[in-house]
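In: The sequence and its predicted three-dimensional model are supplied below.
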Amino acid sequence: MKGPTVRRALLYERVRSSRVRCLLCERRCLIPEGSTGFCKTRMNIGGELYTLVYGDINAISANPIEKG
């Protein structure tokens, strides 16, 4: 899987064989190879955790200067 938003993740550890444990949130998902965690934004690819949404905008809002 390749693309501009797929990057190797930082917060994870290898557990058993090809499983990894995501350490980003309190859920501590144990992710088998080829699967995603609960949030569906991180995937185990070849025994390494990758983020699938690197650099994506997650919030946007209009903030006008004139506030009355």
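Out: In hand now; what should we look at? This structure is a prediction, so every number in the text was calculated from the model and none was measured. Numbering: from 1, shown residues only.

In: just the helices in this structure please.
Out: Ranges of helices within the chain: none, based on DSSP state H.

In: okay, and for it, where does confidence drop off?
Out: Residue ranges of the chain with pLDDT under 70: 1, 67-68.

In: what about Glu66, distance to Ile60?
Out: Distance of Glu66 to Ile60, given as CB to CB, to the nearest Å: 19 Å. (C-beta placed from N, C-alpha, C; glycine too.)

In: Which positions are bridged to Leu44 in the beta structure?
Out: Heads up, residue 44 is Asn, not Leu. Counting by DSSP bridges, Asn44 forms beta bridges with Leu49.

In: OK, contacts around it?
Out: Contact analysis of Asn44 by CB atoms under 8 Å, 6 or more residues apart in numbering lists 18-20, 31-36, 50.

In: 6 Å instead, please
Out: For Asn44, the contact set (CB atoms under 6 Å, 6 or more residues apart in numbering) comprises 20, 31, 33, 35.

In: got a list of what the third one touches?
Out: Neighbour list for Glu33: 18, 44 [criterion: CB under 6 Å, 6+ apart].
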